[in-house]
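[1] Curious how this folds, go ahead:
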Amino acid sequence: MAIVSKSPTPLIRKIAPRLDSLAGRLIAAAAVWTLLGLLIGGLVLSGIFRASAQGDFDSRLKFDLDGLIAAAEPDADGHVSLRERFSDPRFERVYSGWYWQITPEQKGDTQISRSLWDRAIKITNFRLRSGTVFGYGTGPEDQPVRIAGRRIEFPITATPQPNDVRSYVFLVAGNEASVEAHVASFDTMLIWSFTLLGLGLIGAMFIQVHVGLQPLRQVSASLARIRNGSAQKLEGKFPAEIAPLARELNSLIDHNAEVVERARTQVSNLAHSLKTPLSVLSSEASTRPGPLAEIVSRIVATMRQQIDHYLARARVSGAVDVIGKRTPVKPVLDDLARVLTRIHAGRHVAIEVNCSPSIAFRGDRQDLEELAGNLMDNACKWAQRRVKVEARGMGNGKFALSIGDDGPGLDQDERMRVGERGERLDESVPGSGFGLAIVRDIAKLYGGSFELAESRLGGLEATLELPRAA
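    A predicted model of the protein is given here:
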């Protein structure tokens, strides 16, 4: 049995901020400055430690140099000897890295420590001045050494001349490898420490930015719920910096709803103001039969149909822009089924409704009633005995509403003429002929679609795809 492991890539992509996001920019900028600060700080600390280690090494050399000078004993001729007075195990072991050397400026033999064996220190960067002078040289086996030296004069008492002296250069040298080893060890520890510190700081910045921007993600989630129809306003407690934004957004939502409601009222008033004169014209035409009256009646009917059609489009256009609308589908379909069953009771049409209670329309209830009512009424008019209404969820944020009947149906050409052009194929059935056109227009305004096909019951089936609310 194979074990399939889930890849953590989606989780990483969800957690990790993008560089074009606000969080990504904050973390990237903070990480750059943090790494730059750690780098400069590391270089400064490494330099300070190197200077301190070098200073300690020089102090040790100076201490040994003072001991070497103090151990030197001159004779009457100005010659010096140590006579075992300067004893240090470091200077006794051959090539130990610690050496001393006494060189006369006049003729004479150079005295060296046992650690030098038969070699002498080669001075590469050293200039003798008064006091202790430090420099560099090369010891046995080409060891790089640090040198501390001093020029000392001893009086010659064996000659009658006053102020007769003999000068010597006292040198003490130590292998600098020990200093470099200490510095390298410190640098390694510093690199690992600063690396862990840098990772910790970047992690802390990531957490800080993630927590700090949480209110903005809360605002985004609240807006998504409003857009899906599951909420009416921004809900929750926001920080002082975000609270004004939340208040302004809620005010904008209220203003938008108020404007749309005012527009709907104006549309309704316009409908009533137009229908009243048309009713008067129709009434007058019916009382005075004749060719003119027939023309007036036909034109009045056409005007009523046009008014109903375009007023419906105008009303829906305003409703679509209102956010926060959510209408459960099943109650609307059940109510329409009960009403249409009574209207078509004489034909004994049975309406079957299959819809999950969880399906909701992201829009106004009146618009859903307009859509479903037109299609269900049209199906009842043409059905013989059965009308089937079914709503099912889809994976693209929409749901499908299908309404089929067992009537005579339409062929492909007729379905195109009715569905796309809005033509009436049979004047014997009551209706204005604008029902399907209104359905098609409303569906398009909501970003949905409408199509006609052959029903599984044998007649015609109309299918709507509409936005689904969460």
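[2] List the buried residues for stretch 30-46?
    Using 16 or more other C-beta atoms under 10 Å as the test for burial, stretch 30-46 gives Ala30, Thr34, Leu38, Gly42. The C-beta positions use only the backbone N, C-alpha and C, and glycine is treated the same way.
[3] no, scratch that, I was asking about stretch 242-258
    Result for stretch 242-258 [16+ other C-beta under 10 Å]: buried residues Ile242, Ala246, Leu249, Asn250, Ile253, Ala257.
[4] so which helix or strand takes in the last one?
    The reference is to Ala257. helix 243-287 (DSSP states H and E).
[5] So which residues of the stretch 351-470 of the chain form helices?
    Ranges of helices in the stretch 351-470 of the chain, per DSSP state H, counting those that start in this stretch, are 365-382, 412-421, 435-445.
[6] So which elements touch the last one?
    What it means is helix 435-445. Under the contact criterion of 3 or more C-beta pairs under 8 Å, 6 or more residues apart in numbering; DSSP states H and E, helix 435-445 touches helix 291-320, helix 365-382, helix 412-421, strand 449-454, strand 460-467.
[7] Quick check: mean pLDDT of the longest one?
    For helix 291-320, mean pLDDT is 68.
[8] What's the first helix or strand after it?
    As the chain continues past helix 291-320, the following element, by DSSP H and E, is strand 327-328.
[9] Direction included, what does that following strand pair against?
    strand 360-361 (antiparallel) (DSSP bridges).
[10] contacting residues around the partner strand?
    With contact meaning C-beta atoms under 8 Å, 6 or more residues apart in numbering, strand 360-361 is reached by 229, 326-329, 332, 368, 399, 466-470.
[11] mind redoing it with 6 Å?
    Strand 360-361 is contacted from outside by Arg326, Thr327, Pro328, Val329, Leu368, Leu466, Ala469, using C-beta atoms under 6 Å, 6 or more residues apart in numbering.
[12] Walk me through the domains of the protein.
    Using automatic domain parsing, the domain parsing of the chain gives 14-212, 221-324, 327-467.
[13] Distance from the chain centre to the last one, please.
    Relative to its chain's centre, domain 327-467 lies at 44 Å (C-alpha atoms, centre = their mean, to the nearest Å).
[14] what do you get for the first one?
    The chain centroid and the centroid of domain 14-212 are separated by 51 Å under C-alpha atoms, centre = their mean.
[15] returning to that earlier point: nearest to Gly131 among the buried residues of stretch 30-46?
    Proximity of those to Gly131 (C-beta to C-beta) peaks at Gly42, which lies at 35.3 Å.
[16] tell me the average confidence for stretch 396-413?
    86.
[17] May I have it exported as CSV, CA atoms only?
    Below are the C-alpha coordinates for stretch 396-413, written out as CSV (Å, rounded to 0.1, in the frame of the first residue of the first chain):
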residue,chain,number,x,y,z
ASN,A,396,-17.2,28.1,-9.7
GLY,A,397,-19.0,30.1,-7.1
LYS,A,398,-22.4,29.7,-8.9
PHE,A,399,-25.4,27.5,-8.7
ALA,A,400,-27.5,26.1,-11.5
LEU,A,401,-31.3,26.4,-11.6
SER,A,402,-33.0,24.1,-14.1
ILE,A,403,-36.8,24.1,-14.9
GLY,A,404,-38.1,21.5,-17.2
ASP,A,405,-41.6,20.3,-18.4
ASP,A,406,-43.1,17.4,-20.2
GLY,A,407,-44.7,19.6,-22.9
PRO,A,408,-44.2,19.6,-26.7
GLY,A,409,-40.8,21.3,-26.4
LEU,A,410,-38.9,23.1,-29.2
ASP,A,411,-36.3,22.2,-31.8
GLN,A,412,-32.9,23.7,-31.8
ASP,A,413,-33.8,26.5,-34.2
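[18] Now that stretch: buried residues?
    Lys398, Phe399, Ala400, Leu401, Ser402, Ile403, Gly404, Asp405, Asp406, Gly407, Gly409, Leu410.
[19] Among these, which are located in strands?
    Secondary structure defined by DSSP state E assigns Lys398, Phe399, Ala400, Leu401, Ser402, Ile403, Gly404, Asp405 of the buried residues of stretch 396-413 to strands.
[20] The helix or strand hosting Arg342: which residues count as buried?
    Assigned by DSSP H and E, Arg342 belongs to helix 329-343. Using 16+ other C-beta under 10 Å as the test for burial, helix 329-343 gives Val329, Lys330, Val332, Leu333, Leu336, Ala337, Leu340.
[21] got the angle for it vs strand 460-467?
    For helix 329-343 against strand 460-467, the angle by axes from the mean of the first three to the mean of the last three C-alpha atoms, to 10 degrees is 150 degrees.
[22] Can you name every helix or strand that helix 329-343 contacts?
    In terms of contacts (3 or more C-beta pairs under 6 Å, 6 or more residues apart in numbering; DSSP states H and E), helix 329-343 is packed against strand 350-355, helix 365-382.
[23] between the ones you listed, which gets nearest to Lys237?
    helix 365-382 (31.5 Å).
[24] Check which helices and strands that closest one is in contact with.
    For helix 365-382, the packing partners by 3+ C-beta pairs under 6 Å, 6+ apart are helix 329-343, strand 398-405, helix 435-445.
[25] Could you work out which of the ones you listed reaches nearest to Arg217?
    Set against Arg217 and scored by C-beta to C-beta, these come closest in strand 398-405, at 25.9 Å.
[26] Which secondary structure elements does the closest one sit against?
    helix 365-382, strand 386-393, strand 460-467.
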